[in-house]
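Chemist: have a look; sequence and predicted model below, questions after that.
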Amino acid sequence: MANQVPVRVPFQPNPRLTLFLAERQAGNGPAVAMYLRLGTSRHGRPVRSTVASRWISGTSAARCRKLSRGCHARRARTRRIGHESWGAIIHAATVVVSGMHSGPNPSPGLGIARSLKLADPEVRVVGLDYSAASSALHTSILDDVVLLPGWDEIHPGTWMEQVADLIADPNTFLIPTLDLEVRVLAEFFGVHERVLAPNKRVLDTVAKPPVTVADALGLPLPEFSTDTDWGAAERFIRHSPYGAWAKGQHYEAFRVRSVEEALAAGRFIKREWGGDWHLEAHVPGQECGIAFVARNGALLDAVLMTKVILTPEGKTWSGEVAELPDVLWEKLRHYAADVGWNGGGEIEMIRTWDGDLKLMEVNPRFPAWIHGASTCGANLPAALLAEQVRPERRRLTSGFTRVVEEIAVSPVLGISSYPWGPSDGINPATKHPSGMRTLGRRELLSEPTAVHGPASAIPSNRTHPQPSESTESLTGYETLLDTPSESWATPSRQILVTLLDERVAELRAQLDGLPHTVLAHSIKTCPHPELLSRAAGLGLVAEAITLDELDVAITHGFDPGCAILNGPAKWWPSRSSVRCGAFFADSVEELAQLVRSLDAGFRLTADIVGIRVAAPGVASRFGLSFERSADLAETAALLTELRVRLGARWGIHFHQAESVLGPDRWRHEATSALGFADPLADRLGDPPAVVDFGGGWHVDDLSVLRSSLDRVLATGGDCLRTRQLEIVLEPGKLLTQSAAAVVTRVLLAKGHGIGREVIVDAALGDIPEARYRAHPVAQFIHGEWRPVSRGAGRILGRSCMESDILAEELDVSSLAEGDFLAFGMCGAYDLSMSYPFGRGLAAEALA
Ligand SMILES: Cc1ncc(COP(=O)(O)O)c(C=O)c1O
């Protein structure tokens, strides 16, 4: 006889109750586990048995063992308040309902149980779940409780037998409500007349994004992208003015505001739930949804619910309930018939502020708020069981609300002892006590095929024009790289001035037709001597943020008389005299300080005295904000004084990173901020001579820059529409990012196959921006530089910092010690923010 093998005891609420026991039989027999059944029989007798089952694969029969006795009779004492008679089927039925957790983010099980009891208190409802921590298992409404092992333990074959066993009686039905459970059922159990759940075909159509359902219902989907490559994700988020969501194909959605957040969320979803993920634009509006039921393709009932009060997680707390409009009913009827929908379903939508409905998600199960609809007079779980079609005329109550209710825990189940969290006390009631999430990790399920192919097979459904360029189009840098030689001291930098030339020419072409435009080179973005000289040679003016920077610019050929001084430290280090073309003060205090300096003998020559205005909707440490009219008056007074003393005209400046805000928000913020030009012009007596739009454009967005400027000039302050207005742009990375590369060599390759990693002689100090954006990488192979393709490997820096990761998700499987690699797109901030620590031989090359 075997040694005892406890399979797992994840939860031991009560010493009388050991939920998971296993013993391995002698030889190669199966492990045997117990699951618990408590409650009452149809005739009110306490159920005393514990059923044992195999869940670790094995073929021989399970050995049963009585485990628990004396379970409580827990006959539901529900009053019958049904709106109509639901007939004999319900009266005689036993319904096994899964998903019994009822917390802040509840599963639908309890709501279904309540609805069935509302229709007929005599119906037997058995609560099924996979953890005793599912709170509604404790409710007295249930006649019986079945607790199966957690999803991380379940063996599909055994589980199927258990389910078959549970519904063996011809009057017993199963309503599954856990998303992945529904999928596993469809896959392993197929179609069964008493399993009231959608089939595999349905599940294929509801995988996110639900393109097929959107077509069938005539409801547009929000913009989405299944291309979740770094560059594509970054672009998508930047062009989603209201933010974006990272959504799992089957479950889970996270609001994301940056590409880093999106990719982290995507990795989490893939790991925890399985399947793909995609990005979806956030749609502002009012959340609403349809709950519906169909039996074998015949639509029985449906209601429309509009969320009125939401929990912090966005779950329904109270909602309005109404009949589904006829047009939608008809479309839903056709769709249900087409796919053979069986069971409950939920269609989640957003009603935009324009009144249009957008389809968000389709769930192959009842929504958790389903009992709300039942209390309003549309009992969909009962309709499902009784196969009863929506009555012709019914009067629905207008809405429902939830209440919090404390109940005594079942003495048999006991109370769940949640573990102490490492930092802040007891962990909150978990969202998925059944461990459903782990099911995704086990990859038991095949992926749907109907809508989800490889990312490239499903185009992004963007409706507004995208910038024609992509980062890839800017990464032909590798063809311009020199041939490396053994004598090279790496890491080293290569400046690609021709790319700067090209970008400047492209930008000038964009600006064609705009009167009086001046381009400035943002020195801090790229202070490399070669690029400074080239920029000056191309006719750009210098934009400096300190007086030392200005001096460097002058030595590389920039005209001080045209230079622009910006930022909060522009008068540092202190000088007795300064000559520049324009300066833009960052605060009222700076204007006042300048007046004091002039009083003290400081000599300043400038044509334009200006201010930087803050963006009203962006939290920023820069610029003047005019929330108080006194600030406007004080600013106007100081500007007036400085204009007189310097003999200068006035200007206004706005800078916020379009690369962060995206074009839509940038236009909005620029328009609002530059709107202050009008009241200032009124006080100063004439319109500004210069409007400076700063820099901050994303390298991909050259093609939308002109339309953004046109929009702001057309809708910003009236005084921006004067013919004499000079327009200044200070693009940094837009022009320089592609113009530098860092060449490095592989020191060591670790691991094999797709998970291979290489360590190189460059480090974060050489490419500090590697932490914030993916740089294209090229490998020198067979006498030429070739882009390294996407994969699962990483390029790690030479330092001992955990964060020294230079590139991820690249195929480095063929790289070997000594190979040359080049990081492209290093011409913005990588140069100016790099530091020389530990560079050895290459110190001069990278200086
Ligand atoms: C006033 C101003 N102009 C221009 C730039 C250049 O920005 P970028 O290199 O992001 O285009 C900056 C960057 O912070 C800035 O603050």
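Modeler: Yep, it's here. Residues are numbered from 1 along each chain as shown.

Chemist: the residue most distant from the middle of this protein, which is it?
Modeler: Most distant from the centre of the chain: Gly601, at 55.5 Å, with distances by CA atoms, centre = their mean.

Chemist: the residue nearest to that one when sequence neighbours are not counted: neighbouring residues, count only.
Modeler: Residue nearest to Gly601 in three dimensions, not counting chain neighbours: Ser576, with 7.4 Å by CB to CB, 6 or more residues apart in numbering. All C-beta spots, glycine's among them, are computed from the backbone N, C-alpha and C. Around Ser576 there are 7 other residues, counting by other CB atoms under 10 Å.

Chemist: how about Ser576, what does it touch?
Modeler: Ser576 sits next to 601-603 when contact means CB atoms under 8 Å, 6 or more residues apart in numbering.

Chemist: how close does it get to Arg645?
Modeler: 16 Å (CB to CB, to the nearest Å).

Chemist: what does Thr226 give?
Modeler: 60 Å.

Chemist: more crowded one of those two?
Modeler: The neighbour count for Thr226 versus Arg645, taken as other CB under 10 Å, is higher for Thr226 (24 against 14).

Chemist: and that one, how far from Asp276?
Modeler: Thr226 is 7 Å from Asp276, by CB to CB.

Chemist: get me the contact residues on the stretch 601-750 of the chain for the ligand.
Modeler: Proximity of the stretch 601-750 of the chain to the ligand, by CB under 6 Å from any ligand atom, involves residues 655, 657, 694-697, 730-734.

Chemist: so for stretch 478-494, mean pLDDT?
Modeler: Mean per-residue pLDDT for stretch 478-494: 94.

Chemist: before we move on, the earlier item: out of the contacts of Ser576, which are inside strands?
Modeler: Judged by DSSP state E, the contacts of Ser576 include Arg603 as members of strands.

Chemist: of the contacts of Ser576, closest to Leu178?
Modeler: Phe602 (72.6 Å; CB to CB).

Chemist: count the neighbours of the closest one for me.
Modeler: So Phe602, with other CB under 10 Å, has 15 neighbours.

Chemist: any idea how far the nearest residue to it once chain neighbours are set aside is from the ligand?
Modeler: Counting by CB to CB, 6+ apart, Ser576 is the residue found nearest to Phe602 once chain neighbours are left out, at 6.8 Å. Per CB to the nearest ligand atom, to the nearest Å, Ser576 is found 26 Å from the ligand.

Chemist: may I have the beta-bridge partners of Glu323?
Modeler: With DSSP bridges as the criterion, Glu323 is bridged to Val303.

Chemist: can you report how many residues lie near it?
Modeler: By the measure other CB under 10 Å, the count of residues near Glu323 is 15.

Chemist: for it, give its distance to the ligand.
Modeler: 53 Å.

Chemist: report the buried residues of stretch 348-366.
Modeler: By neighbour count on 16 or more other CB atoms under 10 Å, the buried set for stretch 348-366 is 348-350, 357-366.

Chemist: of the residues you listed, which belong to strands?
Modeler: Per DSSP E, the subset of those in strands is 348-350, 357-363.

Chemist: pLDDT added to the residues you listed, as TSV?
Modeler: TSV is the format used below for these (pLDDT from 0 to 100):
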residue	pLDDT
Glu348	96
Met349	97
Ile350	96
Leu357	95
Lys358	96
Leu359	97
Met360	96
Glu361	94
Val362	96
Asn363	95
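
Chemist: quick check, nearest of the residues you listed to Gly87?
Modeler: Asn363 (27.8 Å).

Chemist: beta partners of the closest residue to that closest one other than its chain neighbours?
Modeler: Nearest residue to Asn363 in three dimensions, chain neighbours excluded: Glu346, at 4.2 Å (CB to CB, 6+ apart). Beta-bridge partners for Glu346, by DSSP bridges, are Ala291, Asn363.

Chemist: how many residues are close by Glu346?
Modeler: Neighbours around Glu346, by other CB under 10 Å: 21.

Chemist: touching, it and Phe366? I think so.
Modeler: Yes: in terms of CB atoms under 8 Å, Glu346 counts as a neighbour of Phe366; the distance is 6.6 Å.

Chemist: name the residues contacting each of those two.
Modeler: With CB under 8 Å, 6+ apart as the test, Glu346 and Phe366 both reach Ala291.

Chemist: pull the contacting residues for the closest residue to Pro220 other than its chain neighbours.
Modeler: Distance criterion CB to CB, 6+ apart; nearest residue to Pro220, sequence neighbours excluded, is Lys358 at 5.7 Å. For Lys358, the contacting residues are 219-222, 283, 285, 349-350, 352, by CB under 8 Å, 6+ apart.

Chemist: how about Cys580?
Modeler: Applying CB under 8 Å, 6+ apart to Cys580 gives the contacts 550, 560-561, 563-565, 604-606.

Chemist: mind putting these in TSV, pLDDT, secondary structure and neighbour count included?
Modeler: Shown next, in TSV, are the contacts of Cys580 (pLDDT from 0 to 100; DSSP: H, G, I helix; E, B strand; the rest coil; neighbours: other CB atoms under 10 Å):
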residue	pLDDT	secondary structure	neighbour count
Leu550	97	helix	23
Pro560	98	helix	17
Gly561	98	helix	12
Ala563	98	coil	25
Ile564	98	strand	30
Leu565	98	strand	25
Leu604	98	strand	20
Thr605	98	strand	14
Ala606	98	coil	22
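
Chemist: cool, thanks, signing off.
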